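Chemist: coords below, sequence missing:
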Ligand SMILES: CC1=C(CCC(=O)O)c2cc3nc(cc4[nH]c(cc5[nH]c(cc1n2)c(C)c5CCC(=O)O)c(CCC(=O)O)c4C)C(CCC(=O)O)=C3C
Ligand SMILES: [Fe+2]
């Protein structure tokens, strides 16, 4: 259904979907893992183990197909509202590689684009590293467009609403009085401490989002239940502290505490990629099974129309802001809307604290 008034995309002439990337066949697994971990001090043992997770699924991660589906859904949503912007796709760690995508955008004459990153929270891994990748790619392509990154969207009401629905659905498969375990990707505690403009933003944002989901469910059902924020997918050397507890240890604790079941809610992830289908659906599910603890995993946003519409609205919001308007910035929770421009010292890299990574590629070259 065409929209009565088409939204104004200016000053943007394109959108870029930027994601992590993943292998598509067994031969891709090792080179993919090398791309991900180059210079990051991940022990060989851990790499072998993670390789096995991928081989167990035929050497193919679901993440690229999920991004293809998201692209299709975004294009449909843009067309439905008369938002006339081409959408490109590039990855950090696998084809289509970001640099190739930026080259294509440049050849197509794109001047100024806005980037949607498939990571909802502030941290070096989820934000600044992508901005460094953008700056590096833009530096390799003569005449590359300026690219602005959208604000973090985990506390957008639509993102939270998507998880409220999926959590309610998971709880409906469990006994009365079941707990909720919100799960996200573990990161080094030092990376959390330096995340966001004032530090601790990674954990702080997750706690805020979790509290909003719990509060809405409590409003709906009148039931108060145990809720925790726990972590999956720890890597790195054992002597380096990462965020805890691990989801598997947490399941042991819940079983010991006698809870009748647990909804595992992956609020740290926007789609069912390998961390979700292996670390949660395979490994954590086996732990729960061993403990005799009923577990139901809540769906990630994926191509939920709430999520797709939110991304479209954020593009429209940012375009308005760049034109000097003061758009509404929907958000829930205690922390306020995410910032459009990350400060130069936001989420510093632990390994290369001297490196700069401004929010827009234009400022990087200025
Ligand atoms: C915060 C965060 C997100 C969420 C935000 C976002 O979505 O971006 C995320 C997502 C993802 N992580 C992914 C895969 C991997 N992450 C690794 C390693 C690491 N992740 C880290 C953090 C995060 N990672 C960190 C601090 C490391 C240590 C090395 C380093 O400092 O960089 C490794 C190396 C092996 C290992 O040790 O696990 C792999 C293979 C995939 C693709 C899955 C698929 O293929 O379906 C996705 C979406
Ligand atoms: Fe990761």
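Modeler: Structure's in. What do you need? Just so you know, these numbers come straight off a predicted model, no measurement behind them. Ligands and ions are numbered 1, 2, ... in the order given.
Chemist: What parts of this protein come near ligand 1?
Modeler: 20, 22, 33, 36-37, 40, 42, 46, 50, 61, 63, 118-119, 123, 125-126, 185, 187, 233, 235-236, 268, 273-275 (C-beta under 6 Å from any ligand atom). Every C-beta, even on glycine, is put in place using the N, C-alpha and C of the backbone.
Chemist: Please, where are all the strands along the stretch 51-200 of the chain?
Modeler: For the stretch 51-200 of the chain, strands defined by DSSP state E, counting those that start in this stretch occupy the ranges 87-91, 112-117, 146-149, 179-185.
Chemist: The first one vs strand 112-117, what angle?
Modeler: Meaning strand 87-91. An angle of 50 degrees separates the directions of strand 87-91 and strand 112-117 when computed by axes from the mean of the first three to the mean of the last three C-alpha atoms, to 10 degrees.
Chemist: Show me what residue of the stretch 101-250 of the chain gets nearest to ligand 1.
Modeler: Relative to ligand 1, the nearest point of the stretch 101-250 of the chain is residue 235 (2.6 Å; C-beta to the nearest ligand atom).
Chemist: Can you check the pLDDT for that residue?
Modeler: pLDDT for residue 235: 88.
Chemist: hmm, back to that, quick one, which of the residues of the chain next to ligand 1 are buried?
Modeler: Buried positions within the residues of the chain next to ligand 1, assessed by neighbour count (16 or more other C-beta atoms under 10 Å), are 20, 22, 33, 36-37, 42, 46, 50, 61, 63, 118-119, 123, 125-126, 185, 187, 233, 235-236, 268, 273-275.
Chemist: These in helices, which ones?
Modeler: Among these, the members falling in helices are 33, 36, 37, 46, 50, 63, 274 (criterion: DSSP state H).
Chemist: Rebuild the residues you listed as TSV, extending it with pLDDT and distance to residue 204.
Modeler: Conversion of those to TSV gives the following (pLDDT from 0 to 100; distance: C-beta to C-beta, whole Å):
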residue	pLDDT	distance to residue 204
33	95	31
36	93	26
37	90	27
46	86	27
50	94	28
63	98	26
274	96	26
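Chemist: neighbours around the closest residue in space to residue 7 that isn't next to it in sequence, how many?
Modeler: Of all residues beyond its chain neighbours, the one nearest residue 7 is residue 316 (4.6 Å), with distances taken as C-beta to C-beta, 6 or more residues apart in numbering. Residue 316 sits with 19 neighbouring residues when counted by other C-beta atoms under 10 Å.
Chemist: who touches residue 316 in this structure?
Modeler: By C-beta atoms under 8 Å, 6 or more residues apart in numbering, residue 316 lies in contact with 7, 8, 9, 83, 327.
Chemist: Highest neighbour count among those?
Modeler: Highest count within the contacts of residue 316 by other C-beta under 10 Å belongs to residue 83, 23 neighbours.
Chemist: For that residue, give me the pLDDT.
Modeler: At residue 83, the predicted lDDT confidence score is 96.
Chemist: same deal with the one 10 residues further on?
Modeler: With respect to pLDDT, residue 93 scores 97.
Chemist: so it touches residue 38, yeah?
Modeler: No. Residue 93 lies out of contact with residue 38 (C-beta atoms under 8 Å); the separation is 9.5 Å.
Chemist: ok, back up a step: now the phi/psi pair for the residue of the stretch 101-250 of the chain closest to ligand 1, please.
Modeler: Recorded main-chain torsions at residue 235 are phi -140, psi -160, according to degrees, to the nearest 10.
Chemist: any idea how far residue 242 is from it?
Modeler: Computed as C-beta to C-beta, to the nearest Å, the residue 235 to residue 242 distance reads 8 Å.
Chemist: for residue 147, same thing?
Modeler: Using C-beta to C-beta, we find residue 147 at a distance of 31 Å from residue 242.
Chemist: any idea how the chain splits into domains?
Modeler: Under automatic domain parsing, the residue ranges defining each domain of the chain are 14-153+303-365, 157-297.
Chemist: burial count for residue 223?
Modeler: When neighbours are defined as other C-beta under 10 Å, residue 223 has 11 of them.
Chemist: Likewise for residue 52?
Modeler: With neighbours defined by other C-beta under 10 Å, the count for residue 52 comes to 11.
Chemist: Distance of it relative to ligand 1?
Modeler: Summarising the geometry, the distance separating residue 52 from ligand 1, computed by C-beta to the nearest ligand atom, to the nearest Å, is 11 Å.
Chemist: quick one: the host helix or strand of residue 318 to strand 112-117, angle?
Modeler: For residue 318, the element it lies in under DSSP states H and E is helix 305-322. For helix 305-322 and strand 112-117, the angle between their directions (the same axes, to 10 degrees) works out to 140 degrees.
Chemist: Surely residue 259 is in a strand?
Modeler: No. Assignment of residue 259 by DSSP: H, G, I helix; E, B strand; the rest coil gives coil, placing it outside any strand.
Chemist: That one: what's it in contact with?
Modeler: Under the criterion of C-beta under 8 Å, 6+ apart, the neighbours of residue 259 are 177, 178, 179, 226, 293.
Chemist: Tell me the pLDDT of it.
Modeler: At residue 259, the model reports a pLDDT of 98.
Chemist: Kindly report the same for the one 3 residues further on.
Modeler: The confidence metric pLDDT takes the value 98 at residue 262.
Chemist: and if you look at the one 10 residues further on?
Modeler: pLDDT for residue 272: 96.
Chemist: Same check on the one 10 residues further on?
Modeler: Residue 282 carries a pLDDT value of 97.
Chemist: Let me see the contact set for residue 285.
Modeler: Listed by C-beta under 8 Å, 6+ apart, the contact partners of residue 285 are 295, 297.
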